[in-house]
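Asker: coords please:
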Amino acid sequence: MSRKPDSGKIGLAQVFRRVQAEMVAHLSVNNLYEHGATQGAASEQDWKHLFELYLPTRFRTAPVFVVNGDGRRSQQIDLAIFDTDFSMQLFPRSSALYVPVESVYAVFEVKSLISSETILDAAEKAGSVRELRGKTGRPILAGMLAPTSRWRSDLFSSTLARNLEKLSELQRIDLGCALDRGSFECSGELLVSEKDEALIFFLMRLVERLDTLGPAARVDLMHYARGVRSLQQCRAAKKRKKTRL
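Answerer: Predicted coordinates:
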């Protein structure tokens, strides 16, 4: 029996469509859970696993509270993408991490569907993170992840546009994915993918947007720990030594 010759080619679009079909199937099963918290946790894990597979290894994805050096924190974020090379995780817990705002690249809310109500909720969560970065902080992307939308396919783009236009700059939603409707990117204008290309569009645009943000800012851990007297004495001693030099 002759073996079919190796073509040396791979259909990337077809691979992503297969992955998308698997994601839709997993999320459909999650919707069968009776308890809302169980359903939501399962969906978060599916998206988290997808990020872990496709994002560069310098990023980590997890549920987090975002904090700044002034002792303020965000609302709880379903999934944040943050730096793992130049940043320390604060107070790690299995349920959620506390992550310095300087290390955060993007925050996502995982929903059962995209609707006017869930957009407003995601926008509020995004605003609670962006408020922490200060006026000169690096931009933080915000987005939504869902298997579907409340709006029909033929109305998805136009209704989505009307809802996104209502948001303030602080609440801005940059990227989103409704697997059976399409993914979207809002950067000057709203772009919506074809529904069978939702996953590849979302992942490729996300990775490119993350890349444009550059390296994470250095975290001044002594500023975060300024309430710890022993560490502040150490910081003061270093300043005195630098002054003498």
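
Asker: any idea how far R209 lies from R133?
Answerer: 17 Å (C-beta to C-beta, to the nearest Å). Heads up, the C-betas are built off the backbone N, CA and C, glycines and all.

Asker: same question, R60
Answerer: R60 is 19 Å from R133, where distance means C-beta to C-beta.

Asker: same check on L79?
Answerer: From L79 over to R133 the distance is 18 Å, taken as C-beta to C-beta.

Asker: just want to know which of the two has more residues nearby.
Answerer: The residue with more neighbours, out of L79 and R133, is L79; 20 against 17, by other C-beta atoms under 10 Å.

Asker: list the contacts of the more buried one.
Answerer: Listed by C-beta atoms under 8 Å, 6 or more residues apart in numbering, the contact partners of L79 are 44, 47-48, 51, 61-63, 107-110, 145.

Asker: just name the closest of the residues you listed to I119, please.
Answerer: Each of those was checked against I119 using C-beta to C-beta; the closest is E109, at 9.2 Å.

Asker: partner strands of the helix or strand harbouring that closest one and their direction?
Answerer: Assignment of secondary structure by DSSP states H and E places E109 within strand 104-110. Within its sheet, and counting by DSSP bridges, strand 104-110 is paired with strand 77-83 (antiparallel), strand 141-146 (parallel).

Asker: nearest to L164, of the ones you listed?
Answerer: When the strands paired with strand 104-110 are ranked by proximity to L164, the top entry is strand 141-146, at 10.3 Å, counting by C-beta to C-beta.

Asker: what pLDDT, on average, does the longest strand belonging to the chain get?
Answerer: Taking DSSP state E as the assignment, the strand of the chain that covers the most residues is strand 59-67. For strand 59-67, mean pLDDT is 93.

Asker: one more: stretch 76-89?
Answerer: Per-residue confidence for stretch 76-89 averages out to 84 on the pLDDT scale.

Asker: list the beta-bridge partners for the residue nearest to A161 when sequence neighbours are not counted.
Answerer: Ranked by C-beta to C-beta, 6 or more residues apart in numbering and with sequence neighbours excluded, the top spatial neighbour of A161 is L190, at 5.1 Å. Per DSSP bridges, residues listed as beta-bridge partners of L190: C186.

Asker: residues contacting L190?
Answerer: Under the criterion of C-beta under 8 Å, 6+ apart, the contact list for L190 reads 157, 160-161, 164, 184.

Asker: no further queries at this time; thank you.
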